[in-house]
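Asks: Any chance you could fold what I've pasted below:
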Amino acid sequence: MVRVSEQIDPITAEVIRQAFVAASDEMKINLTRTSYNPIIYEVLDFSVGLFDTTGGLIAQAAGLPFFLGNMAEAVRVVQSDAEDDGFVSGDVYLINDTYTAGTHLNDVTAVTPVFVDERLVGFTASRAHWIDVGARDPGGWLSDTTEIYQEGLRLRSVRLYEGGKLNASIQRLLEDNVRYHESVMGDLRAQVAAARTGEQRFAEIVEKWGLEIVEQAVAASFARAEARTRAAIEAIPDGVYHASAFLDDDGVAVDRPTVEVSVLVSADTITIDLAGSEATCVGPTNCGYAATVSACRVALKAVTDPLEEVNEGTFAPLQVSVPADCMFNAQRPAPAGVYGIPMITLCDTIWRALAPALPDLVPSGHFADLGTLFLYGDHGRDGKPWIHAEPQGGGWGAGPHGDGESMLICIADGDTRNVPVEIIESKYPLRVERYALREGSGGAGAHRGGLGQYRDYRVLDPSTRMTAATERTLCPPWGLRGGKEGGTGEFVLNPGREGERKLKKASGLNLEESDVVSSRTGGGGGWGNPADRPATAIEADLAAGYISADAASEDYGYRAVG
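Replies: Numbers count the residues shown, from 1 in each chain. Alright, predicted model coming up:
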């Protein structure tokens with residue numbers, strides 16, 4: 001339990017806490033408005049935060065939960081690596097190392113120490129998805145790599161700025177080894193701008209209140225968050241809860257990689273044990289231990305204290321145990337390009353395990369997929385090579401209190417978004433010909449699962465290639481309390497035309513001009529016996545086009561009157 005001094009009053013502590021939150025929000029605003037690629041300023045595939053001298057998370061802006069759950073570890077790795085050289089004011093370090101920071105190589109974290117009166121008082125950090133890191137194929141989200149070296153540049157605690165001075169050699173190394181270098185280097189500069197913003201605001205907070213008072217306020221915030229989490233865990237019946245799921249494949253050699261979860265609840269602590277989960281995969285369906293911890297943190301936060309502040313104290317009651325040889329504990333040179341795929345299913349499986357203990361809280365399974373699509377080619381609207389990337393929304397599981405949400409980004413991506421159609425068509429040689437709810441994709445139940453989506457892209461550049469991956473087609477989103485499974489996702493090339501192809505995973509697939517790529521995401525599982533769904537709700541679903549007349553009859557036994 002975090003100990004907190006009684007000297008600080010709660011009002012001062014809260015004012016200081018909110019000042020750190022405001023500083024984080026300003027970092028986010030500046031990164032958004034100065035970035036170059038839509039993956040950042042539209043999709044919002046980044047996160048920012050402020051950290052104490054131990055690397056503990058003080059405050060964050062709303063962002064990707066999987067980033068925020070393990071950026072502290074990235075800060076601590078930089079601290080350890082830089083120990084011999086020592087930090088100086090103005091430093092900026094870069095890290096994307098899968099095996100220590102946890103995520104895939106496209107997620108680059110910029111870490112900056114904060115000094116006041118020549119004393120280290122904390123750190124700022126931002127993690128952003130670079131649209132390219134020099135992988136085998138453009139974009140880096142590859143479904144068939146077999147070693148990390150195929151996935152791009154791996155950076156571990158590389159000092160880009162020393163004492164405020166740019167290391168031009170490092171900059172050239174990065175610029176010369178990534179595609180779309182104008183965009184990537186622009187995004188890097190945006191991260192540095194965010195770091196400087198956080199650095200300035202952090203220092204101002206310390207200068208205004210004094211370091212001792214600020215440290216007391218941070219300790220009070222940690223203690224409060226920890227106490228709330230422990231109280232929520234105490235409300236869960238003690239016991240060991242189990243659940244399992246599996247992925248389709250690792251993209252190369254392993255079929256149905258297993259996700260095994262045991263959740264031990266004891267008084268005010270919780271332990272998540274992944275013993276029995278798949279060994280390290282040949283293909284890129286692996287993630288580093290820090291990323292696994294992040295997924296467990298997301299799952300814990302969702303069922304304990306989802307609406308309140310998040311900081312290092314929030315996760316003090318959580319322990320995570322992972323076998324040494326496991327897809328959730330990747331070691332060099334294991335690939336991890338699609339690291340998010342096992343993490344999403346891990347979150348879903350943790351909730352499934354806890355469903356018997358929290359029957360009035362836990363929803364059915366959600367589509368648990370990023371549905372990530374990369375389209376790229378040589379002849380963009382400006383005549384230059386181009387790349388478009390975005391996640392896809394899908395259906396979430398129904399719960400005890402209502403239907404599941406439709407066309408919502410998966411748990412991994414938090415508040416990220418897809419790219420507006422108008423921006424896609426103005427920037428890239430693509431035309432979006434359909435964007436709609438996917439009828440019938442939500443699982444039947446007293447409460448219906450949310451619906452997935454259709455998003456169809458027509459190719460206008462004959463040099464276009466595609467990299468994509470969809471998951472959980474063999475382990476559909478499960479229903480609870482008698483609810484039925486949700487529909488699963490797929491990519492369809494040239495639907496309804498000669499040569500139509502259904503795809504689950506593809507890397508660097510050549511397309512032809514006028515080809516149509518149809519992304520079709522899965523839905524959420526239903527909750528409760530479908531026979532208990534009110535006729536008025538079924539009629540509303542029919543009128544809205546959420547289900548067909550046949551489904552109304554077969555799944556719900558509905559017969560229209562007259």
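
Asks: all contacts plus neighbour counts: C-alpha atoms, from now on.
Replies: Fine.

Asks: and Cys347, helix, strand or coil?
Replies: State at Cys347, reduced to three classes by DSSP: H, G, I helix; E, B strand; the rest coil: helix.

Asks: In what element of secondary structure is the closest residue to it other than its chain neighbours found?
Replies: Spatial nearest neighbour of Cys347, chain neighbours left out: Ala299 (5.3 Å); criterion: C-alpha to C-alpha, 6 or more residues apart in numbering. In this structure, Ala299 sits in helix 289-304 according to DSSP states H and E.

Asks: Off-centre distance for that helix?
Replies: 11 Å (C-alpha atoms, centre = their mean, to the nearest Å).

Asks: re earlier: residues contacting the residue nearest to Cys347?
Replies: Residues near Ala299 by C-alpha atoms under 8 Å, 6 or more residues apart in numbering: Cys347, Asp348, Ile350, Trp351.

Asks: cutoff 10 Å now
Replies: Each residue near Ala299 by C-alpha atoms under 10 Å, 6 or more residues apart in numbering is listed here: Pro65, Val293, Pro306, Ile344, Leu346, Cys347, Asp348, Thr349, Ile350, Trp351, Ile411.

Asks: could you pull out the helices for the stretch 451-562 of the chain?
Replies: 535-544, 549-556 (DSSP state H, counting those that start in this stretch).

Asks: Of all these, which one is nearest Ser426?
Replies: helix 535-544 (31.0 Å; C-alpha to C-alpha).

Asks: tell me the mean pLDDT for that closest one?
Replies: In this model, helix 535-544 has an average pLDDT of 96.

Asks: buried stuff in that helix?
Replies: Within helix 535-544, the residues that qualify as buried are Ala535, Ile538, Glu539, Asp541, Leu542, counting by 16 or more other C-alpha atoms under 10 Å.

Asks: could you check the angle helix 549-556 makes with that helix?
Replies: Helix 535-544 runs at 150 degrees relative to helix 549-556, counting by axes from the mean of the first three to the mean of the last three C-alpha atoms, to 10 degrees.

Asks: one step back: how much space between the residue nearest to Cys347 and Met327?
Replies: 18 Å (C-alpha to C-alpha, to the nearest Å).

Asks: Would you confirm that Leu94 belongs to a strand?
Replies: Yes. Secondary structure of Leu94 (three-state DSSP): part of a strand.

Asks: residue contacts, it?
Replies: So Leu94 contacts 74-75, 78, 108-112, 125-127, 154-161, 188 (C-alpha under 10 Å, 6+ apart).

Asks: For stretch 168-182, buried residues please.
Replies: In stretch 168-182, counting by 16+ other C-alpha under 10 Å, buried: Leu174, Glu175, Val178, Arg179, Tyr180, His181.

Asks: Sorry, slip of the keys, the one I care about is stretch 31-45.
Replies: Buried, per 16+ other C-alpha under 10 Å, within stretch 31-45: 31-32, 34-45.

Asks: what's the answer for stretch 473-484, then?
Replies: Thr473, Cys475, Pro476, Pro477, Trp478, Gly479, Leu480, Arg481, Gly482, Gly483, Lys484.

Asks: ok, the fourth one touching Gly487?
Replies: By that I understand Pro477. Yes. At 7.3 Å, Pro477 counts as touching Gly487 under the criterion of C-alpha atoms under 10 Å.

Asks: Now do the shared contacts for those two.
Replies: Common neighbours of Pro477 and Gly487 (C-alpha under 10 Å, 6+ apart) are His366, Phe367, Gly395, Gly442, Gly443, Gly449, Gly522, Gly523, Gly524, Gly525.

Asks: that older thread, would you show me how to pick out the buried ones of the contacts of Leu94 in ChimeraX?
Replies: A single ChimeraX command selects the buried members of these (16+ other C-alpha under 10 Å):
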select :74,75,78,108,109,110,111,112,125,126,127,154,155,156,157,158,159,160,161,188
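
Asks: So what sits opposite Ile272 in the bridge?
Replies: Val263, Val320 (DSSP bridges).

Asks: Okay, it and Ala295: tell me how far apart.
Replies: 11 Å.

Asks: Overlap of the contact sets of the two?
Replies: Shared contacts of Ile272 and Ala295, defined by C-alpha under 10 Å, 6+ apart, comprise Ile350.

Asks: elements contacting the helix or strand bottoming out on mean pLDDT in the chain?
Replies: Every helix and strand of the chain was ranked by mean pLDDT, DSSP states H and E. The lowest is helix 65-68, at a mean of 73. Contacts defined by 3 or more C-alpha pairs under 10 Å, 6 or more residues apart in numbering; DSSP states H and E place helix 65-68 against strand 46-51, strand 57-60, strand 119-129, helix 289-304, helix 340-354.

Asks: The shortest one pairs with which strands?
Replies: Read that as strand 57-60. Looking at strand 57-60 with DSSP bridges, its partner strands are strand 46-51 (antiparallel).

Asks: what's the average pLDDT for the partner strand?
Replies: Strand 46-51 comes out at a mean pLDDT of 93.

Asks: Of all the residues in that strand, which ones are buried?
Replies: In strand 46-51, counting by 16+ other C-alpha under 10 Å, buried: Phe46, Ser47, Val48, Gly49, Leu50, Phe51.

Asks: ok, what's across the strand from the second one?
Replies: Which is Ser47. Under the criterion used here (DSSP bridges), Ser47 is bridged to Arg127.

Asks: ok, it - contacts?
Replies: Neighbours of Ser47 in contact, by C-alpha under 10 Å, 6+ apart: 24, 27-28, 31, 40, 60-68, 71, 109, 125-129.

Asks: Helices of the stretch 51-200 of the chain, residue ranges please.
Replies: Taking DSSP H, counting those that start in this stretch to define them, one finds helices in the stretch 51-200 of the chain at 65-68, 71-81, 98-101, 168-176, 181-209.

Asks: what helices or strands is the third one leaning on?
Replies: Contact partners of helix 98-101 among helices and strands, from 3+ C-alpha pairs under 10 Å, 6+ apart: helix 71-81, strand 107-116, helix 289-304.

Asks: How far does it sit from its chain's centre?
Replies: 16 Å.

Asks: Please apply the same query to the second one.
Replies: Distance of helix 71-81 from the chain centroid (C-alpha atoms, centre = their mean) equals 20 Å.

Asks: quick one, that helix and strand 46-51 angle?
Replies: Using the same axes, to 10 degrees: helix 71-81 against strand 46-51 is 60 degrees.

Asks: same thing with the last one?
Replies: With the same axes, to 10 degrees as the criterion, the two stretches helix 181-209 and strand 46-51 enclose an angle of 30 degrees.

Asks: avg pLDDT for helix 181-209?
Replies: For helix 181-209, the per-residue pLDDT averages 96.

Asks: what inclination does it have with respect to strand 107-116?
Replies: Going by the same axes, to 10 degrees, helix 181-209 makes 30 degrees with strand 107-116.

Asks: cool, and the fourth one?
Replies: Between helix 168-176 and strand 107-116, the angle formed by their directions is 160 degrees, by the same axes, to 10 degrees.

Asks: Quick check: chain neighbours aside, which residue is closest to Phe374?
Replies: Closest to Phe374 by C-alpha to C-alpha, 6+ apart is Ala389, at 4.5 Å.

Asks: Look at that neighbour and say how many residues are nearby.
Replies: Counted with other C-alpha atoms under 10 Å, residues neighbouring Ala389 total 23.

Asks: For Val214, which residues are in contact?
Replies: Going by C-alpha under 10 Å, 6+ apart, the list of residues near Val214 reads Ile8, Thr12, Ala13, Ile16, Arg17, Val121, Ile205, Val206, Glu207, Lys208, Ala220.

Asks: the inter-axis angle of the helix or strand harbouring it versus helix 181-209?
Replies: Applying DSSP H and E as the criterion places Val214 in helix 211-234. Counting by the same axes, to 10 degrees, helix 211-234 lies at 110 degrees to helix 181-209.

Asks: Buried ones in helix 211-234, by neighbour count?
Replies: Buried residues in helix 211-234, counted by 16+ other C-alpha under 10 Å: 211, 213-230, 232-234.
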